[in-house]
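Visitor: got a predicted structure plus its sequence, pasted below:
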Amino acid sequence: MTVPFATPDPQTVADSNLTDFARHAGMDGADYATLHRWSVTDLEGFWGAVWEYFDIDADTPYEQVLAEETMPGARWFTGATLNYAHHALRNLADDAVAVIALDETGSCYEVTAGRLRSQVASVAATLRDLGVGKGDRVVGYLPNTPHAIVAFLAAASLGAVWSVCGQDYAPKAAADRFAQLQPTVLIAADGYLFNGTTHDRRDATRELALALPTLKATLLVDHAGLPRPAQPYPSLVVPWEDAATRTERLACTPVEFDHPLWVVFSSGTTGLPKGIVHSHGGVLLEHLKTLGLHSDLGPGDRLLWYTTTHWMMWNLVASTLLTGATTCTYDGSPAPLAEPDVLWKLAARHQVTVFGTSPQYLLGMAKFGVDPAVHDLSSIRVVGCTGSALPASAYPWVRDHVGERVLLASISGGTDVVSGFAGSAPNTPVWAGELSAPHLGVALAAYDTEGRPVVDRVGELVVTRPMPSMPLYFWNDPDGTRYRDAYFSSYPGVWRHGDWITLTSHGSVIVHGRSDSTLNRNGVRLGSADIHDVVERLPEITEALVIGAEEPDGGYWMPLFVVLAAGVALDDALREKIREAIRSGASPRHVPDEILEVPGIPHTRTGKKLEVPVKRLLQGAPIEQVVNRGAVDAPDLIDHYARLGAEHRQRPVTHGPRR
């Protein structure tokens, strides 16, 4: 068995919520594997215990934990009525700090629980006066500030359905999402801060409002301090300070367990974004489990997780309040040029206990010599990392530059379930480059091409039993066809997520990348993440993208695109260094045919590399059929890759590595 990179501290385990939960559930002393086995073989027992442990305050009690187990269509906690917002606002004393608002300049302000409750009550009353009720949609065009949390909780308290996206989305890209929902109210800020610049979004907000004909009103948030626009809006305009400063009593509307809470959208890179609908009850239980048990959050803790409002991690940032912990919002670049370590500085100043980020952030810190240890990070207990697989090389760096006793929790999940499939817990070992274990309540498996579960072999990530936070449905999908096609067409009754993973014999999970972008040379499969990990460790390379493209004549073209560090040239010596790194560190069978310098790698707005769209461009698919430019962080790069594909197709046919 592989030796773990780190093992859990016995005292930390003993003091954890997870140990207390196991005791509560009658499983005192059980190790993680035993708890997980119980959690997926006795779904009713496990989720019933989660309900009891976190003291869910239902207006109407449930009749049965799981009335119908079929996927899709599982029915959870039938008969129960409750409200997510009530649970988010109930666990902090009035004078306790609920939200800390941070930005890249280092400035901050605190929002107490009493003030948060009063603002939510005020905005909810304003929305109610504007005609918003149960089932109506309220949308936000907002940066990651307390305003977004207040607006969300106000909508949720009424039983309205919430959706939000960041203001780096162009108005059309935002409208592609929000217009589907036919919203009643838009809540938008005047601008946001990023890398030393205040971005004025007043005109963009007006353009978005004009694209949403169902709006009754727009609430305008004065966040950046810009003058109110004089141009007329298509509907009533309400200043945020008027909406949020009324004296009102908060009353949360009880709704069914499976009543829609929010709509989160797919990236929309290949077409109109899909609206994924989650429920009040499903999100409540799943996020209490994830944050309260896996991240061990509770009263006295503070979470700072860098995210934008359109990434599912923002939803977890808001849900931190469910546990009674303090959540931090952050407006700005994660590594502004003026102060690239500002997040670590803020974590130290505000005694953050759970710090969350992405693999690219940690790798960038290491590559550019940023040392977080110059700050007092002794309060940090967990460093969470998600968005893609965290390479093994990052683990020693976190230990040496953040803290020896810090739990490095690499997590894999998705917007689809707005939660994690696998990650860590206080009582799990950590293996470098691997996720410690499947999450509790997640019946995770790896399926081979015949649909059989495999261990220590690469397979498709599947979930064989339902989770409460699986989508209720897709928006505008009345018969469920798109929903079934997305997850259940490959293995009827089994959720296929679209990732390649390995479940190891020591209980961990290795994520290899998206299964629809897997490298398959001569029948030998390899995840693209395995190549990216090796290449991006090289100091000469800022970022890399490898593509395996099937060609019409049966050939297979596997180019590697690299973004070079400043002052580096892609000469024969560097090409050979890259090839040797791949041979020795990943696979000698997957040395690329070509290594090409590019000005950048395109990503979704949430930071995922556009592997499949780039693959299709290289194969000659028309741009308009492949990618929605508004969903891409650098749209001009799309034309660059389309040109590279056209140039390749004009060459004489040759196959095999071009050395």
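Guide: In hand now; what should we look at?

Visitor: lowest mean pLDDT among the helices and strands of this structure, which one is it?
Guide: Averaged element by element with mean pLDDT, DSSP states H and E, the chain has its least confident helix or strand at strand 524-526 (a mean of 64).

Visitor: next structured bit after it?
Guide: Counting by DSSP states H and E, the next helix or strand C-terminal to strand 524-526 is helix 528-535.

Visitor: and the contacts of that following helix?
Guide: Outside helix 528-535, the residues within contact range by CB atoms under 8 Å, 6 or more residues apart in numbering are 388-389, 391-393, 433, 511-514, 517-519, 541, 544-548, 560, 562, 578, 581-582, 585-587, 590, 592, 609, 611. Glycine gets a C-beta too; all of them are placed from N, C-alpha and C.

Visitor: out of those, which are inside helices?
Guide: Applying DSSP state H to the contacts of helix 528-535, the entries found in helices are 578, 581, 582, 585, 611.

Visitor: got those residues as TSV, with distance to residue 272, pLDDT and neighbour count columns?
Guide: Rendered in TSV, the data for the ones in helices among the contacts of helix 528-535 read as follows (distance: CB to CB, whole Å; pLDDT from 0 to 100; neighbours: other CB atoms under 10 Å):
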residue	distance to residue 272	pLDDT	neighbour count
578	38	96	23
581	40	92	17
582	37	90	23
585	40	79	15
611	20	89	22
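
Visitor: is it correct that residue 234 is in contact with residue 208?
Guide: No. Here residue 234 does not reach residue 208: they are 10.5 Å apart, not a contact under CB atoms under 8 Å.

Visitor: what about those two, which has more around it?
Guide: The residue with more neighbours, out of residue 234 and residue 208 and counting by other CB atoms under 10 Å, is residue 208; that gives 27 against 13.

Visitor: so where is the stretch 401-550 of the chain shaky, pLDDT-wise?
Guide: Low-confidence regions of the stretch 401-550 of the chain, defined by pLDDT under 70, span residues 516-518, 522-525.

Visitor: which residues in the stretch 51-200 of the chain form strands?
Guide: 64-68, 75-78, 81-82, 97-103, 108-112, 137-141, 161-165, 185-189, 191-194, 197-200 (DSSP state E, counting those that start in this stretch).

Visitor: looking at these, spot the one closest to residue 290.
Guide: strand 75-78 (16.2 Å; CB to CB).

Visitor: list the buried residues in that closest one.
Guide: 76, 77 (16 or more other CB atoms under 10 Å).

Visitor: roughly how far apart are residue 528 and residue 547?
Guide: From residue 528 across to residue 547, the span is 8 Å (CB to CB, to the nearest Å).

Visitor: number of nearby residues for residue 168?
Guide: Applying other CB under 10 Å, we find 18 other residues in the vicinity of residue 168.

Visitor: let me see the contact set for it.
Guide: 192, 194, 199, 308, 605.

Visitor: wait, doesn't the last one sit right on residue 308?
Guide: Yes. Using CB under 8 Å, residue 605 and residue 308 qualify as a contacting pair, with a distance of 7.3 Å.

Visitor: and for these two, which residues touch both?
Guide: Here residue 605 and residue 308 have 166, 168 as joint contacts, going by CB under 8 Å, 6+ apart.

Visitor: report the angle between the axes of the lengthiest helix in the chain and strand 185-189?
Guide: Ordering each helix of the chain by length in residues (DSSP H) puts helix 113-129 first. With axes from the mean of the first three to the mean of the last three CA atoms, to 10 degrees as the criterion, the two stretches helix 113-129 and strand 185-189 enclose an angle of 140 degrees.

Visitor: return the set of buried residues in stretch 577-591.
Guide: Going by 16+ other CB under 10 Å, stretch 577-591 has these buried residues: 578, 579, 581, 582, 586, 587, 590, 591.

Visitor: with residue 561 as the reference, measure out to the first one.
Guide: Look at residue 578 and residue 561: by CB to CB, they are 11 Å apart.

Visitor: also residue 609?
Guide: Residue 609 is 10 Å from residue 561, where distance means CB to CB.

Visitor: after the helix or strand hosting residue 573, next one along is what?
Guide: Residue 573 is located in helix 572-585, with elements delineated by DSSP H and E. Under the assignment DSSP H and E, the closest C-terminal helix or strand after helix 572-585 is strand 594-597.

Visitor: mind putting the contacts of residue 168 into JSON lines with distance to residue 255 and neighbour count?
Guide: Compiled in JSON lines, the contacts of residue 168 are given as follows (distance: CB to CB, whole Å; neighbours: other CB atoms under 10 Å):
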{"residue": "192", "distance to residue 255": "32", "neighbour count": "24"}
{"residue": "194", "distance to residue 255": "36", "neighbour count": "18"}
{"residue": "199", "distance to residue 255": "36", "neighbour count": "15"}
{"residue": "308", "distance to residue 255": "28", "neighbour count": "22"}
{"residue": "605", "distance to residue 255": "30", "neighbour count": "21"}
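
Visitor: and those residues, which two are furthest apart?
Guide: In those, two members sit farther apart than any others by CB to CB. They are 199 and 605, at 14.6 Å.

Visitor: residue 179: which of the strands of the stretch 51-200 of the chain is closest?
Guide: The closest approach between residue 179 and any of those, judged by CB to CB, belongs to strand 137-141 at 9.6 Å.

Visitor: same question for the closest one, mean pLDDT?
Guide: Strand 137-141 comes out with an average pLDDT of 98.

Visitor: and the angle for it with strand 185-189?
Guide: Using the same axes, to 10 degrees, strand 137-141 lies at 20 degrees relative to strand 185-189.

Visitor: what strands flank strand 137-141, and is each parallel or antiparallel?
Guide: Strand 137-141 has its sheet partners listed here by DSSP bridges as strand 161-165 (parallel), strand 185-189 (parallel).

Visitor: show me what contacts residue 193?
Guide: Here residue 193 is in contact with 103, 104, 105, 143, 199, 224, 331, 332 (criterion: CB under 8 Å, 6+ apart).

Visitor: buried only: go through those residues for me.
Guide: Of the members of those, the ones counted as buried by neighbours, 16+ other CB under 10 Å, are 103, 104, 143, 224, 331, 332.

Visitor: out of those, who's nearest residue 368?
Guide: Taking CB to CB as the measure, residue 104 is the one of the buried ones among the contacts of residue 193 closest to residue 368, at 16.7 Å.

Visitor: against residue 280, how distant is the closest one?
Guide: When CB to CB is the yardstick, residue 104 and residue 280 sit 34 Å from each other.

Visitor: how about residue 559?
Guide: Distance from residue 559 to residue 280, counting by CB to CB: 47 Å.

Visitor: compare those two (neighbour count), which wins?
Guide: Neighbours of residue 559 and residue 280, each counted by other CB under 10 Å, are more numerous for residue 280; the result is 26 against 21.

Visitor: and that one, what pLDDT?
Guide: Here the pLDDT value assigned to residue 280 is 98.

Visitor: may I have the phi/psi pair for it?
Guide: Backbone dihedrals for residue 280, given as degrees, to the nearest 10, come out at phi -50, psi -60.

Visitor: does it really touch residue 80, like I thought?
Guide: No. Counting by CB under 8 Å, residue 80 is not a contact partner of residue 280; they are 9.7 Å apart.

Visitor: what touches both of the two?
Guide: Residues touching both residue 280 and residue 80 (CB under 8 Å, 6+ apart): 256, 257.

Visitor: pull out the buried residues from stretch 327-342.
Guide: Of the residues in stretch 327-342, those scored as buried under the neighbour-count criterion (16+ other CB under 10 Å) are 327-336, 339-342.

Visitor: so residue 164 versus residue 384, what's the distance?
Guide: Applying CB to CB, the value for residue 164 to residue 384 is 21 Å.

Visitor: next up, the contacts around the residue nearest to residue 374 when sequence neighbours are not counted.
Guide: Nearest non-adjacent residue to residue 374, counting by CB to CB, 6 or more residues apart in numbering: residue 341, 7.5 Å away. Shown here is residue 341, whose contacts under the criterion CB under 8 Å, 6+ apart are 335, 365, 370, 371, 372, 374, 375.

Visitor: give the buried subset of these as a PyMOL selection command.
Guide: A single PyMOL command suffices to select whichever of the contacts of residue 341 are buried according to 16+ other CB under 10 Å:
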select buried, resi 335+365+372+375
